[in-house]
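A.B. asks: Kindly generate the corresponding structure for this input.
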Amino acid sequence: MDRAIVRRVAALPRGPWDPALSWLTRAATKARLWMAVAAMLALRKGSPRRAAAHGLLALAVASAGVNLVFKTLLPRARPEPHHLPVHRFLHPQPTSSSLPSGHSASAVAFATGVGMVSPPLGLALAPVAAAVAYSRVHTGAHWPSDVALGSALGAGAALVTRSWWPRTEQPPSQEPATAPAPPLPRGRGLAVVVNPLSGEAQEDVRAALARLFPEAAVRELALGENVAAVAAALAQREGVRALGVWGGDGTVGPVAGACADAGLPLAVLPGGTFNHFARDVGALEPVDVGKAVEEGRALRCDLGRVLAVRGRGAEEQESAAVMLNTASVGMYPDFVRRRDRLLRRVPLLRKRGAAAVAALRTFAGAEPTRLDVDSAPHRLWTLYVGRGRYWPRDLAPLERPILDDGVLDIRSISADPPLARLRLVAALVTGTTSRSPVVATREARRVDVAARDGALVLAVDGELVAGVGRAALWTEPGALTVYSPLAPELAE
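C.D. replies: Now for the predicted structure:
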């Protein structure tokens, strides 16, 4: 069959397609053609860039399988010069086994891998991949069955990698849950707690607050002063209808707890390093927050609570805290610090890439922690608890589009399964952490943790609580009202 097809190809008339196919087959050597296509696609963010990366991943798997495995197992002589016209015959001829065709495998793998992410781009590349595959027969480099097997292996490699590439999950879109809040023109009835150790210079804070809320009461914290106690006292002051806070998440949390206890709305002014909660409620610009407070536009949010018990027996001491964003045990705080440091130092590195590198560095030499989670014993590298569902649903959550879903987002990385560390590294490299047996995800309203050896260090919104013997974390649905620019404008 191979000889019959080659005879038909040899009988084709001479034409401009001969030099074109010769150029094409040489351009595809060592995947130069596909790397050039990937480079052009990578110039556009979003789907084209992801498609190029997936195409190169599939190509690499196909090329490795064909050249390292199948060509060794299936030695075969290539067509000889007398089989085709001399002007078509590829010179010099490759010296490796003819079976299967590596060019065909790479071409089909790249086009299929691109098509899995972007079907239109995959369809556009399909004729080029087919032309490359045919060019191997037209130039005498391969028998037709070599091309058929190579193409099948290329498609198979792309299918194998379909779950290796992290899918871009689109967070759900949902109308924000609005909540009633009093409009406070010029900040009348607003008491603002200011942490002067956060962020900008103290004078800038005073000036900004004077412009935004000229009639608000401003209370600056002294060094070592209890934020929760100050906020609770302000909430009881006559004429106070809402509390505001200028500071990072560690300062916002206690003030949010005081608001929830007193039934008052909260105004958040970002003054920390990352301001995760302020970002989620759309409060990154103080001017926008001021307008929302003046107009009485607010959202309903859940509130997380943490009760940590230190010491044992008669020496036990309870410590309560508010969890606005996340809590964790183990290596997760180190992972987050490394990821954010990489993003600052290498701006071109995407979030997923920074997360993968940071995770590899963090867990390469980490030792697991022995603890009970809801009374079940575990050996974990990390336990992560998010107040509300975060996206993407893998090891590196970044977004929280819904503020009142009423759940805790619980994720853990286990050291219990055989070869757990190797499995974790493989999942990080291939982008399959969400499907790895060492990574577990679930949702609950409450989770209880207890140390099995000594004590735990619990991180709550970036603040460390050391010496924890056991802790309970739960969510209070809809317990907090927050002034937010995301809330729709009120009808006249």
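
A.B. asks: Averaged pLDDT, the host helix or strand of Ala308. What do you get?
C.D. replies: Assigned by DSSP states H and E, Ala308 belongs to strand 298-310. Averaging pLDDT along strand 298-310 yields 96.

A.B. asks: same thing with stretch 137-154?
C.D. replies: 94.

A.B. asks: Any buried residues in it, and which?
C.D. replies: Residues of stretch 137-154 classed as buried by neighbour count (16 or more other CB atoms under 10 Å): 137-151, 153-154. For every residue, glycine as well, the C-beta is placed using N, CA and C.

A.B. asks: Show me what the strand holding Ala308 is packed against.
C.D. replies: helix 249-262, strand 317-323, strand 376-387, strand 456-460, strand 463-483 (3 or more CB pairs under 8 Å, 6 or more residues apart in numbering; DSSP states H and E).

A.B. asks: quick one on the thing from earlier: mark which of the buried residues of stretch 137-154 are part of helices, please.
C.D. replies: Counted as lying in helices by DSSP state H, out of those, are 137-138, 144-151, 153-154.

A.B. asks: could those residues go into JSON lines alongside distance to Val482?
C.D. replies: Shown next, in JSON lines, are these (distance: CB to CB, whole Å):
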{"residue": "Val137", "distance to Val482": "67"}
{"residue": "His138", "distance to Val482": "67"}
{"residue": "Pro144", "distance to Val482": "67"}
{"residue": "Ser145", "distance to Val482": "67"}
{"residue": "Asp146", "distance to Val482": "65"}
{"residue": "Val147", "distance to Val482": "62"}
{"residue": "Ala148", "distance to Val482": "62"}
{"residue": "Leu149", "distance to Val482": "61"}
{"residue": "Gly150", "distance to Val482": "59"}
{"residue": "Ser151", "distance to Val482": "57"}
{"residue": "Leu153", "distance to Val482": "56"}
{"residue": "Gly154", "distance to Val482": "53"}
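
A.B. asks: now, the most widely separated pair of those?
C.D. replies: His138 and Leu153 (20.5 Å; CB to CB).

A.B. asks: ok, back up a step: I'd like to know which of the helices and strands packed on strand 298-310 is closest to Val293.
C.D. replies: Using CB to CB, the helices and strands packed on strand 298-310 put strand 463-483 closest to Val293, at 4.8 Å.

A.B. asks: what is the orientation angle of the closest one with strand 456-460?
C.D. replies: Following axes from the mean of the first three to the mean of the last three CA atoms, to 10 degrees, one obtains 20 degrees for the angle between strand 463-483 and strand 456-460.

A.B. asks: Distance of Ala466 relative to Ala459?
C.D. replies: Relative to Ala459, Ala466 is positioned 10 Å away (CB to CB, to the nearest Å).

A.B. asks: Between those two, tell me which one has more neighbours.
C.D. replies: Ala459 (20 against 11; other CB atoms under 10 Å).

A.B. asks: CA atoms only: put the helix or strand where Ala158 lies into CSV for me.
C.D. replies: In this assignment (DSSP H and E), Ala158 forms part of helix 144-160. Taking Å, rounded to 0.1, in the frame of the first residue of the first chain, the C-alpha atoms of helix 144-160 are listed here in CSV:
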residue,chain,number,x,y,z
PRO,A,144,2.5,7.1,4.0
SER,A,145,2.0,4.6,6.9
ASP,A,146,4.8,6.5,8.8
VAL,A,147,2.8,9.6,8.5
ALA,A,148,-0.5,7.9,9.5
LEU,A,149,1.1,6.5,12.7
GLY,A,150,2.9,9.7,13.5
SER,A,151,-0.4,11.7,13.1
ALA,A,152,-2.2,9.3,15.3
LEU,A,153,0.5,9.5,18.0
GLY,A,154,0.4,13.3,17.8
ALA,A,155,-3.4,13.4,18.3
GLY,A,156,-3.0,10.9,21.1
ALA,A,157,-0.4,13.1,22.8
ALA,A,158,-2.6,16.1,22.7
LEU,A,159,-5.5,14.1,24.1
VAL,A,160,-3.3,12.8,26.9
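
A.B. asks: Give me the helices and strands touching the helix or strand bottoming out on mean pLDDT in the chain, please.
C.D. replies: The least trusted helix or strand in the chain, going by mean pLDDT, DSSP states H and E, turns out to be helix 351-364, with a mean of 71. Applying 3+ CB pairs under 8 Å, 6+ apart, one finds that helix 351-364 contacts helix 332-345, helix 420-430.

A.B. asks: The same query, at a cut-off of 10 Å, please.
C.D. replies: Contacts defined by 3 or more CB pairs under 10 Å, 6 or more residues apart in numbering; DSSP states H and E place helix 351-364 against helix 332-345, strand 376-387, helix 420-430.

A.B. asks: Now tabulate those in a markdown table and tack on mean pLDDT, mean neighbour count and distance to His87.
C.D. replies: Below are the helices and strands packed on helix 351-364 laid out as a markdown table (pLDDT from 0 to 100; neighbours: other CB atoms under 10 Å; distance: least, CB to CB, whole Å):
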| stretch | mean pLDDT | mean neighbour count | distance to His87 |
| --- | --- | --- | --- |
| helix 332-345 | 74 | 17 | 54 |
| strand 376-387 | 93 | 21 | 63 |
| helix 420-430 | 75 | 17 | 45 |
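
A.B. asks: nearest to Gly102, of these?
C.D. replies: Taking CB to CB, helix 420-430 is the member of the helices and strands packed on helix 351-364 nearest to Gly102, at 22.7 Å.

A.B. asks: right, and the helix or strand after that closest one?
C.D. replies: Following helix 420-430 in sequence order, the next helix or strand is strand 439-444 (DSSP H and E).

A.B. asks: That'll do, ta.
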